[in-house]
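J.: requesting a structural model of the entry that follows:
(one chain, ligands or ions: 2)
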Amino acid sequence: MASLFGNGGYVYSSESEGEEEDEGTEGYRKGGYHAARPGDRFAGGRFVAQRKLGWGNFSTVWLAYDTLHSRFVALKIQKSARDYGHAALHEIELLSAVAQGDPTNSKCIVRLLDHFKHVGPNGQHVCLVTEFLGDSLLQLIRYNRNKGIGLSRVKEICRSLLVGLDYLHRELGIIHTDLKPENVLLVSTINPAKDPVRSGFTPILDRPVGSQYGGTVISFSEKMLRMRARRAVARISQRRVSLGGIAAEVEKERNLDGISLKCKIVDFGNACWADQQLAGEIQTRQYRAPEVIIGSGYSYSADMWSFACIAFELATGDLLFAPKNCQGCSEDEDHLALMMETLGKMPRKIASSGTRSKDYFDRHGDLKRIRRLKFWPLDCVLVERYNFTEPDAQGLTDFLRPILDFTPENRPSAAQCLKHPWLS
Ligand code: ATP
Ligand code: MG
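T.: Numbering: from 1, shown residues only. Ligands and ions are numbered 1, 2, ... in the order given. A predicted model of the protein is given here:
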């Protein structure tokens, strides 16, 4: 999510229509993305672009080959307008501190290797070179067809995330502010063929002669494949609705065995030093903490809220909170209502503590526009909606419920969560 530039580009929606699958062509203009192509060289020729790995509001990210150290790296090419440049320099500052404090690279945060500026037709782009990582947790969730990845895998990922968060919070004083499945990457790719090392990929060192292969727009065949995949997913989910339990049998469980679940936190474009907060509104909608919505300030505990949302999503394949604009009420108010339906009423003291409290709450601490809430606590949701066994539901609830406390100061820290029996 881009606090400087409105809400995040990725619209997380159950309807495939709402999702932006690529960065489009709009952003490729002066001040915007750099149109890289495979074979393009950067930093005086040292890094050679191979293929595009991903994109965000701020940048496109490329697999690149580092000719100096004979290794593959990720090259994040920031948009060139001044604010984006500043954001990238800020990200470099934070990631440098991260790297400095973690000489063995064991704290589950992406490693910054280098940075430089690249001048192209659209302007001057700050570029970050980081270690090459695999698929995001979002891709992992989708790979398993949004059915949840199994609790032992959830625990393993939670452990990595908590090690990273404990390091950021306690040792560095950094709040990430945009934790979500897209911003957590597995250390290896799910599909070994996509890993340049495991697949024995020969690096491209020159631009292919006469090739149409474009970096600006996704190549035709790739786009076709994605459209086909999207239609297939739409078909599957229709079937799931109509056939219920039978569909579960038809869709063979995808095997996640053998996939390494070590993961790292990425995207420090919006991260901040806890004592130098800039943005009032942080986080991507579904992972946003209540204190951010009501405008009562935030701290490390806002990251913990997002962490709990991610853990739920890994376990069930569904968003914990998916607020919508509904008739007469805003997404914010719907979001607060969803929270209270799952977690109970927000304490009045908290509800009234924000700069926007009066927009949503009356003086009794009830929502102004959404009157009748249907309380459906987390453990019941897990059993009744996601078919968890009682002990599984209880275990996950015991772990998550304290992190989802409306009072930020009551939430356990990452270090405290690491000691929770559910993880051992
Ligand atoms: P946002 O709009 O979320 O702020 P951004 O422009 O700051 O995005 P990132 O989130 O850092 O960019 O990266 C965009 C995408 O690029 C990621 O979601 C991921 O798919 C891919 N990516 C980023 N870093 C790496 C890496 N080290 N290895 C592999 N892929 C990466
Ligand atoms: Mg991102």
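J.: pull the contacting residues for L336.
T.: Counting by CB atoms under 8 Å, 6 or more residues apart in numbering, L336 touches P290, I293, I294, M346, Y360, L367. Bear in mind the C-beta positions are built from the backbone N, C-alpha and C, glycine included.
J.: make that T389, sorry
T.: Here T389 is in contact with V383 (criterion: CB under 8 Å, 6+ apart).
J.: and stretch 374-386, how far apart are its ends?
T.: With CA to CA, to the nearest Å applied, stretch 374-386 spans 18 Å between its terminal residues.
J.: returning to that earlier point: want to throw the contacts of L336 into a markdown table with distance to D267, neighbour count and pLDDT?
T.: Below are the contacts of L336 laid out as a markdown table (distance: CB to CB, whole Å; neighbours: other CB atoms under 10 Å; pLDDT from 0 to 100):
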| residue | distance to D267 | neighbour count | pLDDT |
| --- | --- | --- | --- |
| P290 | 23 | 25 | 98 |
| I293 | 21 | 24 | 97 |
| I294 | 25 | 24 | 97 |
| M346 | 29 | 22 | 97 |
| Y360 | 29 | 23 | 96 |
| L367 | 32 | 20 | 96 |
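J.: which one of those residues sits closest to ligand 1?
T.: The nearest member of the contacts of L336 to ligand 1, counting by CB to the nearest ligand atom, is I293 at 19.9 Å.
J.: quick one: pLDDT of D275?
T.: If you check D275, the pLDDT there is 93.
J.: wait, a helix at it?
T.: No: D275 is assigned coil when assessed by DSSP: H, G, I helix; E, B strand; the rest coil, not a helix.
J.: that one: how many residues sit nearby?
T.: Neighbour count of D275, defined by other CB atoms under 10 Å: 6.
J.: OK, contacts around the nearest residue to it once chain neighbours are set aside?
T.: Nearest residue to D275, sequence neighbours excluded (CB to CB, 6 or more residues apart in numbering): G173, at 6.8 Å. For G173, the contacting residues are W273, A274, D275, by CB under 8 Å, 6+ apart.
J.: also Y167?
T.: Listed by CB under 8 Å, 6+ apart, the contact set of Y167 reads V98, G101, D102, K107, C108, I109.
J.: pLDDT score assigned to it?
T.: 98.
J.: tell me the spacing between it and I265.
T.: 9 Å (CB to CB, to the nearest Å).
J.: mutual contacts of the two, please.
T.: C108, I109.
J.: from what I see, T177 and T284 are in contact.
T.: No: the pair T177 / T284 is not scored as a contact, 9.6 Å apart, by CB atoms under 8 Å.
J.: which of those two has more residues huddled nearby?
T.: Neighbour count, other CB under 10 Å: between T177 and T284, T177 has more, with 28 against 25.
J.: list the contacts for that one?
T.: T177 makes contacts with S3, N270, A271, C272, A279, I282, Q283, A302, D303, as judged by CB under 8 Å, 6+ apart.
J.: try it again with 10 Å
T.: 1, 3, 267-272, 277-279, 281-284, 287-289, 292, 298, 302-303, 306 (CB atoms under 10 Å, 6 or more residues apart in numbering).
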